[in-house]
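Chemist: here is my input; please provide its structure:
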Amino acid sequence: MISLSNITVSFAHLDLMSDVSFVLNRRDRVALVGKNGAGKSTLLKIMAGILEPTSGTVVRSGDLKIGYLPQQMAHARNKSVLEEALTVFAAVENLRKETERITKELSLREDYDSDTYKKLVIDLTEATDRLQILSSDNPRGNAEKTLVGLGFKPDELGRQTRTFSEGWNMRIELAKLLLSRPDVLLLDEPTNHLDIESLRWLEQYLESFPGALLVISHDRTFLDNVTQRTIEISLGKIFDYKAHYSQYLELRKERLEQQTAAWENQQRTIEKTEDFIARFRYKPTKSNQVQSRIKQLEKMERIEIDPVDNARIRISFPEVPRSGKIVFKCQNVAVGYDKGPIFTGADMVVERGEKVAFVGRNGEGKTTMMKLLNGQKTTLEGRFETGHNVLLGYYAQNQDELLDDSLTVYQTLDEIAVGDVRTKLRDILASFLFRGEEVDKKTGVLSGGERSRLAMAKLMLQPYNVLALDEPTNHMDIRSREVMKEALKQYGGTLVVVSHDRTFLDGLVDKIYEFRDGKVKEHLGGIRDFMEKRKLETLRELEEKTAGESKGGIPPTTKENDAYAMYLQKKERDKTLRKLQQNVIRWENRIEQHEKGLAIMDEKLLSPPPEGFTTAFYQLYEKEKKALEDAMNAWEKAHDELDTFINTHKYA
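Modeler: Numbering: from 1, shown residues only. Model (predicted):
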């Protein structure tokens with residue numbers, strides 16, 4: 001579908017990547033991984049046709065429809081959420097006009113055996129097929145289902161897009177992309193603005209997506225769930241593995257170990273051979289053997305070890321002063337804005353040394369609670385207390401955006417550093433992979449991951465005994481996230497973290513506060529325990545639990561469960577009925593198109609040209625008749641299946 005051959009990308013005479021070649025085939029599920037700045041986003045833009053490589057060729061299949069989601073984009077401001085999502089179906093009307101144009105042009109032409117005429121017939125068939133697929137569905141229903149799956153509540157679909165954050169607008173763009181049904185999905189960090197529940201929905205959607213997928217993500221669990229092939233960019237080269245991310249790590253380790261062992265064996269052989277040549281080079285009795293060994297060395301194919309970029313963050317948090325036993329305490333707290341509370345009745349206790357996660361749907365109050373802990377918000381009701389000697393370091397979700405783009409990397413730390421720490425700024429920056437000339441870069445030219453690392457470095461300059469981190473790993477590559485996680489596990493203070501990264505939270509936190517439906521609920525244990533309790537393994541289980549819960553939190557009765565089970569069964573039957581009906585309509589449309597084609601050709605047969613028709617015309621006529629016959633047979637079969645289903649399930 002998309003083929004890259006010997007792609008080289010250079011900036012300022014330096015190669016970002018060189019001689020990169022691979023093919024993205026239909027139904028491929030590919031993870032594109034590598035460190036921040038390795039060129040992942042650049043490669044995606046080249047595949048999407050947005051950037052041109054310095055050299056090399058990119059070949060895309062004809063009429064390939066590519067759906068590309070960048071990390072950042074402009075968002076609509078003057079439409080509701082649903083209206084903006086429905087703009088994607090403007091393509092239906094464009095396709096309808098295209099089929100009418102081609103049909104009219106075919107009726108006026110007589111060069112039936114020409115390549116251009118055959119191309120028009122193919123274009124008409126493809127446009128008709130795509131039109132049938134898009135127009136046979138329920139656009140509004142699909143848009144609503146997709147938006148709700150990505151985290152919007154039904155009553156939010158009428159709200160103006162300008163009232164939502166950039167992250168929520170990114171979800172609208174993702175919804176539009178999925179609704180457009182492209183042949184290829186190129187997704188650059190689609191998980192950055194999704195909560196755990198929306199992530200599970202997206203994973204399930206991608207499992208059934210019929211096209212090709214290439215995704216950049218720093219969520220290891222997400223990559224394991226949706227990909228089966230991993231392409232690594234490292235030091236300007238790519239390494240292609242037919243495995244998901246976790247398997248790729250093992251295979252990569254094994255390959256490097258095997259290469260290293262083979263290289264070491266070869267080096268020993270070379271050393272012995274060179275030693276033999278040096279010892280006997282000038283002995284006449286050994287001249288033949290010496291010449292043989294020299295030729296052996298010349299012909300030997302030298303083993304090379306794949307280059308590995310081992311540079312990574314090495315974080316060591318400073319010793320922290322001791323806080324009181326109780327760090328934060330909420331009693332019946334409500335927090336929100338003038339229009340009303342986001343959550344109410346919150347009871348929460350965070351003790352010294354605990355590592356706590358806030359999870360839940362975006363917009364439920366996680367960041368608002370963080371602002372309460374940081375002193376940026378006050379309660380609407382209830383009591384909130386901060387413990388004795390609490391020194392809090394706060395990492396906001398947009399912390400990287402708060403950097404001054406006019407300052408260099410070094411100046412960013414230097415302007416806030418005091419005392420002896422100023423003598424260690426270069427060491428601190430080196431631990432976050434800013435070395436040599438990189439410390440003199442302006443922050444405005446840094447990548448998203450580099451900005452996140454610099455913002456985290458600023459946080460480390462003071463010995464905080466409490467860290468409140470709101471999405472600290474956004475834009476960080478997977479290795480950086482893993483090192484950050486290990487450093488936080490060793491951190492001697494108290495940690496409160498908002499994150500949707502299941503891999504990052506697993507083994508790091510031991511208590512979870514879930515923000516849901518205006519309430520805050522405590523869950524003891526790690527993220528896996530929480531997901532098992534909330535039954536997040538499938539979105540359907542989540543929907544069943546949510547619908548079955550009463551407002552007062554009382555478990556549903558058996559009667560209620562039975563009623564809900566009947567509702568789900570009817571919902572599934574209705575879904576099957578719609579599919580069968582759409583299949584009948586699809587074949588009816590196909591029959592209509594073939595009949596139109598035959599009618600055009602029949603008119604031509606009534607007025608043959610003086611030289612008569614070519615063999616190609618009659619072949620095309622017979623082919624169209626056969627296609628009409630096949631469509632009629634398929635319609636009858638589809639109609640029989642629909643009748644059987646209706647009679648079996650007693651539909652009116």
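
Chemist: list of residues touching the helix or strand encompassing residue 334?
Modeler: Element membership for residue 334 (DSSP states H and E) is strand 326-337. Residues external to strand 326-337 that are found in contact with it (C-beta atoms under 8 Å, 6 or more residues apart in numbering): 341-352, 354, 365, 368-369, 372-373, 377-387, 390, 466, 494, 496, 520. (Glycine included, C-beta is placed from N, CA and C.)

Chemist: now do the helix or strand just after it: everything it contacts.
Modeler: The helix or strand immediately downstream of strand 326-337 is strand 340-351, counting by DSSP H and E. Strand 340-351 has contacts (C-beta under 8 Å, 6+ apart) with 325-336, 356, 363-365, 368-369, 380-382, 494, 496, 513, 515, 518-520, 522.

Chemist: what of stretch 3-17?
Modeler: 18-24, 39, 42-43, 46-47, 53-60, 233, 236-238.

Chemist: what are the pairing partners of the strand holding residue 334, and which direction each?
Modeler: strand 340-351 (antiparallel), strand 381-386 (antiparallel) (DSSP bridges).

Chemist: give me the buried stretch members for that strand, please.
Modeler: Neighbour counts over strand 326-337 (16 or more other C-beta atoms under 10 Å) mark 327-330, 333-336 as buried.

Chemist: check stretch 74-94 too.
Modeler: 76, 80-82, 84-86, 88-89, 91-92.

Chemist: show me what contacts the spatially most central residue of the chain?
Modeler: Residue closest to the mean C-alpha point of the chain, counted by C-alpha atoms, centre = their mean, is residue 190 at 3.5 Å. Residue 190 makes contact with 69, 174, 202, 215, 217 under the criterion C-beta under 8 Å, 6+ apart.

Chemist: what's the answer for residue 367, then?
Modeler: 397, 470, 498.

Chemist: secondary structure class for it?
Modeler: helix (DSSP: H, G, I helix; E, B strand; the rest coil).

Chemist: and it, what pLDDT?
Modeler: At residue 367, the model reports a pLDDT of 88.

Chemist: per-residue pLDDT of residue 245, please?
Modeler: At residue 245, pLDDT is 90.

Chemist: relative to residue 288, how far out is the nearest residue to it once chain neighbours are set aside?
Modeler: Leaving aside its sequence neighbours, residue 245 sits nearest to residue 223 (C-beta to C-beta, 6 or more residues apart in numbering; 4.1 Å). As judged by C-beta to C-beta, to the nearest Å, residue 223 and residue 288 stand 58 Å apart.

Chemist: these two - which one has more neighbours?
Modeler: residue 223 (25 against 9; other C-beta atoms under 10 Å).

Chemist: secondary structure element for that one, which one?
Modeler: Applying DSSP H and E, one finds residue 223 within helix 220-226.

Chemist: what residues does that helix touch?
Modeler: 29, 31, 33, 191, 199, 203, 206-207, 213, 215, 217, 230, 244-246, 478, 481, 501-503.

Chemist: ok, then the element right after the lowest-mean-pLDDT helix or strand in the chain?
Modeler: Taking mean pLDDT, DSSP states H and E as the measure, the chain has helix 539-548 as its least confident helix or strand, at a mean of 42. Heading C-terminal from helix 539-548, the first helix or strand you meet, by DSSP H and E, is helix 558-606.

Chemist: show me the contact partners of the helix or strand encompassing residue 393.
Modeler: For residue 393, the enclosing helix or strand under DSSP H and E is strand 392-395. Strand 392-395 is contacted by residues 370, 373-374, 455-456, 459, 462, 464, 466-470, 472 when judged by C-beta under 8 Å, 6+ apart.

Chemist: give me the subset of those residues lying in helices.
Modeler: 370, 373-374, 455-456, 459 (DSSP state H).

Chemist: any chance of the residues you listed in TSV, plus pLDDT and distance to residue 446?
Modeler: Below are these laid out as TSV (pLDDT from 0 to 100; distance: C-beta to C-beta, whole Å):
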residue	pLDDT	distance to residue 446
370	92	24
373	93	28
374	90	25
455	84	10
456	81	13
459	81	16
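
Chemist: closest one of these to residue 180?
Modeler: residue 455 (34.8 Å; C-beta to C-beta).

Chemist: do I have it right that the closest one meets residue 397?
Modeler: No: when contacts are counted by C-beta atoms under 8 Å, residue 455 is not listed as touching residue 397 (10.7 Å).

Chemist: under the pLDDT cut-off, which ranges of this structure? List them.
Modeler: For the chain, the stretches with pLDDT under 70 are 12, 91, 133-137, 304-316, 399-400, 419-421, 534-571, 649-652.

Chemist: domain map for it?
Modeler: As assigned by automatic domain parsing, the chain contains the domains 78-176, 255-299, 326-537, 558-649.

Chemist: tell me which of those is the most buried.
Modeler: Neighbour counts (mean count of other C-beta atoms under 10 Å) averaged over each of those peak at domain 326-537, with a mean of 18.

Chemist: strand partners of the strand holding residue 393, parallel vs antiparallel please.
Modeler: Partners of strand 392-395, by DSSP bridges, with direction: strand 466-470 (parallel).

Chemist: not counting the partner strand itself, show me its contacts.
Modeler: 323, 327, 366-367, 370, 373-374, 390-397, 399, 459, 488, 491, 493-499.

Chemist: next one: stretch 109-126
Modeler: 63, 99, 102-103, 105-106, 593, 597, 604, 609, 613-617, 620.

Chemist: and of these, the nearest to residue 182?
Modeler: Of all the contacts of stretch 109-126, residue 63 has the smallest distance to residue 182: 11.6 Å, by C-beta to C-beta.

Chemist: so how far is residue 27 from the closest one?
Modeler: Taking C-beta to C-beta, one finds residue 63 at 18 Å from residue 27.

Chemist: cool, and residue 364?
Modeler: When residue 364 is compared with residue 27 (using C-beta to C-beta), they lie 36 Å apart.

Chemist: same check on residue 518?
Modeler: Counting by C-beta to C-beta, the gap from residue 518 to residue 27 is 42 Å.

Chemist: was I right about residue 461 contacting residue 428?
Modeler: Yes: using C-beta under 8 Å, residue 461 makes contact with residue 428 at a distance of 7.4 Å.

Chemist: which of the helices or strands spans residue 58?
Modeler: Per DSSP H and E: strand 55-60 holds residue 58.

Chemist: what about the buried residues of stretch 74-94, which are in helices?
Modeler: 81-82, 84-86, 91-92.

Chemist: got JSON lines for these, with distance to residue 527 too?
Modeler: Shown next, in JSON lines, are those (distance: C-beta to C-beta, whole Å):
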{"residue": "81", "distance to residue 527": "29"}
{"residue": "82", "distance to residue 527": "33"}
{"residue": "84", "distance to residue 527": "33"}
{"residue": "85", "distance to residue 527": "31"}
{"residue": "86", "distance to residue 527": "36"}
{"residue": "91", "distance to residue 527": "40"}
{"residue": "92", "distance to residue 527": "42"}
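
Chemist: closest to residue 266 out of these?
Modeler: Nearest member of those to residue 266, counting by C-beta to C-beta, is residue 91, at 57.8 Å.

Chemist: all helices of the stretch 101-250 of the chain, in order?
Modeler: 115-136, 139-149, 166-179, 196-208, 220-226, 245-280 (DSSP state H, counting those that start in this stretch).

Chemist: with distance to residue 647 as extra columns, can I get those helices in TSV?
Modeler: Converted to TSV, the helices of the stretch 101-250 of the chain look like this (distance: least, C-beta to C-beta, whole Å):
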stretch	distance to residue 647
helix 115-136	23
helix 139-149	26
helix 166-179	34
helix 196-208	29
helix 220-226	40
helix 245-280	48
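
Chemist: right, and those - which one's nearest residue 637?
Modeler: helix 115-136 (16.9 Å).

Chemist: packing partners of whichever strand or helix holds residue 44?
Modeler: Assigned by DSSP H and E, residue 44 belongs to helix 40-48. On a contact count with 3 or more C-beta pairs under 8 Å, 6 or more residues apart in numbering; DSSP states H and E, helix 40-48 meets strand 2-11, strand 14-24, strand 29-33, strand 66-69, strand 184-188, strand 212-216.
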